[in-house]
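Trainee: can't give you the sequence, but here's the structure:
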């Protein structure tokens, strides 16, 4: 019963007026992203996910994956055929390098498509999604032989790819890894150990799965400094590219999870499996971060993607469902009741959904642009600026995107009242699916620590200063126009709260680092408010300009202005409370001895 | 794998020092609630739920209920035997009237026990829990014959009870009810219609189920003014009390839900079922509110109950799980990693859990005291004051209790990292179970409208003025003591925000009621902050006094002081943001036409 329409009009607005795609036509690869091409990708890609993937979303949740006695795993009905069509139509290759069969489009374009795919079917989207992280690591760290052997089939989607980090005793703390890699005589390694929570670890969608596995070599330090990265194919690949013998890696079991049932989350057993070192020995953590940073942006996008579908359905339900009367008197006296839209608190929930989904879409796509510029911008200064900004904002996009994704999905379910709690209506699945994104690829608490513990201080605070300057500059410009001055002024206030909180960290973090840790999540959300506020400022400025020029769809631009105002008046005020929580410091947070937490 | 220990020590502290039970020994019925009796109820009741009900919680979630072809419903393995033991030990009769076989204890005592029962097994607790609402309606509105016929067996738990309000086309808006009650010649009525979302509508725990059903009589107004309440037994009861023929009411299907799988949520079909009017014709709404207000307080308690168990398990996990190192350097250098307790953000989540669960426990029990005093206090003025306070705070306890319950359960799951998402660990069940409490018995948006649209203005604002005076008086006293002055000052600031928001409603609600509706949920949470802040002030004052007197467990009292400080420094700052959101008003909330919500 749920429905989904790819928000192509909004994506195009964001790409043109927030990301400013037309301004980057000089960047290598961006020339191919002409307005027509981008429109075709969005329209046709959107149609594909809506027609092929979305109808499988509830089936995937109900059926889940099945592991058989021989260790093989079957995906839900329809997944295999849909995956074949996905590969054939080349949707997975949009931004991959041409050298490996990709279309070399900007990352920002493929990110727009990925949002749609997640909205349509998050569990399905994870199969190719996880392969992207593995591809990214091999592109940067793989040897030419490894790239030639694995990448073309991984890029095309003919083979899957995974990231094997977590073990039963270690999630965040990868120094605790026990998986061992012992050198063989031929330059390969024998990998032995158990990995857990491996998304898409085993399935029936592809003939081969290329696992990237963190393990320790003999004598390596028993810390994160001793970790190396290995490529371990499920099925050995012969020199001529044909498939050989089965490798000694297998799925021991699949997890029964709260959501994303359509994706197989596996316990993977490595029993002396043959693998090859990727990059240098004991430099696995750096390689892992290549996968991880790509994955974190993808997970932030999951927050947006799920929120979008949940929000759309809440809007439809609020339009159809009649219950109660408007506070000022019947809006439709001829009907027995008004629609849910007359109720201010329903509107409030929907406006929050609209303000955050459109704001996060702008932020995710603008973030994706920074990934492109980091690698492709012509000037070194532009590359550095983009690297600084996306380094700073990756934990924010992941943490805030997924916290808001869960909140918006929960509110969308709330709009349905009791029906939202019933499985067949589909809304509770969005909440269950959204929940994992706050946890995996580094919990949101870990994201917040990455932001305040690493990214803030890197290079003498260069990134955060650049961010402050960027926001302040656009505020100053927007204050000059009466239609955007109020939003700009309110954003300036939120920016001031963030700057004050940053100063507080600097003044207090040295004497006690827990003062920074205790405010980390609040600071992440404060940064998210300012960054998303900047996106709304850009959208409001663009709407004002387009209306003045008589361009664009007036109703659409009006809606942008109203929603920007809502963000300013009803969301930005959270900034002050976040700052005051941060300034509360660590004392009350850390004072209680662990044994006194239970009052029983 | 989850565990649960009834927080008896904290309950006793709250009953003695926040509720002030010893001061009410002159109130009829309170004399029986001696410290020894209360301790026995808490200790033995806690043991019962921990040993008998808690072990069935995960089983209930996994198995759910099964409807058979004949319309009968089987509860999960073990529920029937546990229910028999529950009835035999009399745990359901604590506060029921002696005239119908109850123990006539104060409601506040049975509420303390009910929290434990919910913590142990929410789905199970709903079977007797729903009967309580039906009992309350019959006690107040039933005829002596109806009371004699049904109440003793309902009080003992021998028979179940339900509330039948919702229909497919109507949830909140009961004016849309279509179920018809046509008078028979013998004074009974023939009830025909379909009710949905009927918790415990059909099951195998009891020989009979007494349904209380809202329906419309012929010619009644087609609005909520035309609703009457009927009692409809599943099995007819003969005049001698024996069971007769099966009535024409049956379970058409059971819902597949996000959570509370152990409770049977039924579609109930009434096919000319025989029922009897309860109270006066077309006065059903008033009778319904008797059930509803009891149920709303019970649902607020569900938020607390689930949060408590989830929180306890997060504390255990944080103590056991080793991952990473303290920011200032290893806390336990001899171990390979420190426990999760060293991480400030984990502490932050746990402290929020502690501050809210202990604060909500105090608020729920203090609220339950008001229910007692409303009915039993000797002075009319005391009865009125209690009725005013609980009328005002019922929607706050329901709405804030359940919003925080979901948030705390979610954070507790977050502490587990990836394991929190896996079903066998049990944490995701708490999130799924907690979710319904925000929705049923009136969504939390409906609670907020009850608060701002009805309760604030009733009797010229008498209740909110009494609340403000109560909080201000205790603040003034606490400011005189240096150890509580900071908390009192911060609570005074939050109270000031609430008073300003109240004034804003008064100044702006008349010209546009949507200004009140748009801020309703924020105002509910603002009230919850102040009310829970008052509870923390009382606990801090008591801890200070007891320590000065050398009484009580010093470590326990220290923990109260630390947690009170945490509430003051890290939670109360939210008040300012809530006020500013309220003062944003309805303009940006209501400006967008419904057709412009979708950007696609």
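Mentor: All right, it came through fine. Only a predicted model underlies this, so the values are computations on that prediction, with no experimental measurement involved.
Trainee: Name the residues of stretch A:238-250 that come out as buried.
Mentor: A:247, A:248, A:249, A:250 (16 or more other C-beta atoms under 10 Å in any protein chain shown). To be clear about C-beta, it is placed using only N, CA and C from the backbone, and glycine gets the same treatment.
Trainee: wait, I meant stretch A:420-436
Mentor: A:420-423, A:425-436.
Trainee: Farthest pair within the residues you listed?
Mentor: A:422 and A:436 (21.6 Å; C-beta to C-beta).
Trainee: and the nearest residue to residue A:254 once chain neighbours are set aside, how many neighbours does it have?
Mentor: In this structure, residue A:254 finds its nearest non-sequential neighbour in residue A:67, 4.8 Å apart by C-beta to C-beta, 6 or more residues apart in numbering or on different chains. By other C-beta atoms under 10 Å in any protein chain shown, the residues close to residue A:67 number 17.
Trainee: Ok, residue A:55 next?
Mentor: 14.
Trainee: Wait, a helix at it?
Mentor: Yes: Residue A:55 forms part of a helix when assessed by DSSP: H, G, I helix; E, B strand; the rest coil.
Trainee: which ones are touching the closest residue to it other than its chain neighbours?
Mentor: In space, and not counting its chain neighbours, residue A:55 is closest to residue A:78: 7.6 Å by C-beta to C-beta, 6+ apart. Contact analysis of residue A:78 by C-beta atoms under 8 Å, 6 or more residues apart in numbering or on different chains lists A:55, A:56, A:59.
Trainee: Tell me the predicted confidence for the closest residue to chain B within the stretch 51-200 of chain A.
Mentor: Residue of the stretch 51-200 of chain A nearest chain B, by C-beta to the nearest C-beta: residue A:173 (4.4 Å). Note on residue A:173: pLDDT of 90.
Trainee: Just say helix, strand or coil for residue A:185.
Mentor: Quick answer, by three-state DSSP: residue A:185 is coil.
Trainee: Same check on residue A:353?
Mentor: helix.
Trainee: Looking at chain A, which strand is longest?
Mentor: strand A:265-278 (DSSP state E).
Trainee: Paired strands for that strand, with orientation please.
Mentor: As defined by DSSP bridges, the strand partners of strand A:265-278 come to strand A:189-199 (antiparallel), strand A:227-233 (antiparallel), strand A:249-254 (antiparallel).
Trainee: Put together TSV for the ones you listed, with distance to residue A:166 and mean pLDDT on each row.
Mentor: Output for the strands paired with strand A:265-278, formatted as TSV (distance: least, C-beta to C-beta, whole Å; pLDDT from 0 to 100):
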stretch	distance to residue A:166	mean pLDDT
strand A:189-199	5	97
strand A:227-233	13	97
strand A:249-254	14	98
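Trainee: Please work out which of those strands is packed deepest.
Mentor: Sort those by mean neighbour count, taking mean count of other C-beta atoms under 10 Å in any protein chain shown, and strand A:227-233 sits at the top with a mean of 26.
Trainee: Report how many residues lie close to residue A:460.
Mentor: 8.
Trainee: do residue A:364 as well
Mentor: A count of nearby residues for residue A:364, using other C-beta under 10 Å, gives 27.
Trainee: Roughly how far does it sit from residue A:298?
Mentor: 10 Å (C-beta to C-beta, to the nearest Å).
Trainee: Next: residue A:581.
Mentor: Taking C-beta to C-beta, one finds residue A:581 at 29 Å from residue A:298.
Trainee: before we move on, back to that, the residue nearest to residue A:254 reaches residue A:256, doesn't it?
Mentor: No: in this structure residue A:67 lies outside contact range of residue A:256 using C-beta atoms under 8 Å: 10.9 Å.
Trainee: related to what we said a few turns ago, from the buried residues of stretch A:420-436, which are also near chain B?
Mentor: A:420, A:421, A:422, A:423, A:428, A:431, A:432, A:435, A:436 (C-beta under 8 Å from any C-beta of the partner chain).
Trainee: Look up the closest residue to the residue of the stretch 451-600 of chain A found nearest chain B, ignoring the ones flanking it.
Mentor: Relative to chain B, the nearest point of the stretch 451-600 of chain A is residue A:517 (3.3 Å; C-beta to the nearest C-beta). Closest residue to residue A:517 apart from its sequence neighbours, by C-beta to C-beta, 6+ apart: residue B:344 at 3.3 Å.
Trainee: Contacts only, for that neighbour.
Mentor: Counted by C-beta under 8 Å, 6+ apart, residue B:344 has contacts A:514, A:517, A:518, A:520, A:586, A:589, A:590, B:327.
Trainee: tell me the phi and psi of residue A:209?
Mentor: phi -130, psi 130 (degrees, to the nearest 10).
Trainee: Export the contacts of residue A:78 as TSV, with columns for pLDDT.
Mentor: As requested, the contacts of residue A:78 are exported to TSV (pLDDT from 0 to 100):
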residue	pLDDT
A:55	98
A:56	98
A:59	98
